[in-house]
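Participant: Give me a model of this one.
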Amino acid sequence: MVESDGPSVKEISYFTLFGIKMVREIFQVVSLCLWQMLKILVWIASQLLFNAYKKLSGPGAEFSQEARQDQTNLGKKEGPCH
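Facilitator: Now for the predicted structure:
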């Protein structure tokens, strides 16, 4: 019998397939983590934009509501001659 110095072809193909499977699973886990992080970042950005919009339009919205109320009151006649 001849002794071989290295691994057999069967062992090499097994380790190659195992390595490819591990790389694929690692890639799936990393891509899932990146997708979740992207969703979280989009949610945070939307919350920040919404809060900034509320702060910027808060007093203006109240003022415009008061202005609308004043405009509706202008159309009403006051006094004894309705």
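
Participant: C-alpha only now, for contacts and for neighbours.
Facilitator: Noted.

Participant: gap between A45 and G19?
Facilitator: Here the criterion is C-alpha to C-alpha, to the nearest Å. By it, A45 lies 38 Å from G19.

Participant: Provide the count of other residues in contact range of L17.
Facilitator: Neighbourhood size, L17 [other C-alpha atoms under 10 Å]: 12.

Participant: any low-confidence regions in the chain?
Facilitator: By pLDDT under 70, the low-scoring segments of the chain are 1-4, 58-82.

Participant: one more time with 90, if that's ok
Facilitator: Scanning the chain with the threshold set as pLDDT under 90 gives 1-20, 52-82.

Participant: what's S8 sitting at in phi/psi?
Facilitator: phi -80, psi 170 (degrees, to the nearest 10).

Participant: Tell me, how many residues neighbour it?
Facilitator: Each residue near S8 was counted by other C-alpha under 10 Å, and the total is 10.

Participant: From F15, how far out is it?
Facilitator: If you go by C-alpha to C-alpha, the gap between S8 and F15 works out to 11 Å.

Participant: same check, this time on K55
Facilitator: Relative to F15, and taking C-alpha to C-alpha, K55 is found at 59 Å.

Participant: go on, M37?
Facilitator: Using C-alpha to C-alpha, M37 is found at 33 Å from F15.

Participant: quick one: the helices in the protein?
Facilitator: Shown for the chain, the helices assigned by DSSP state H span residues 9-75.

Participant: A52: how many residues sit nearby?
Facilitator: Other residues close to A52 by other C-alpha under 10 Å number 12.

Participant: next one: L49
Facilitator: 12.

Participant: for it, what are its contacts?
Facilitator: Under the criterion of C-alpha atoms under 8 Å, 6 or more residues apart in numbering, L49 has no neighbours.

Participant: Look up how far I40 lies from it.
Facilitator: Counting by C-alpha to C-alpha, the separation of L49 from I40 is 14 Å.

Participant: Thanks a lot, see you next time.
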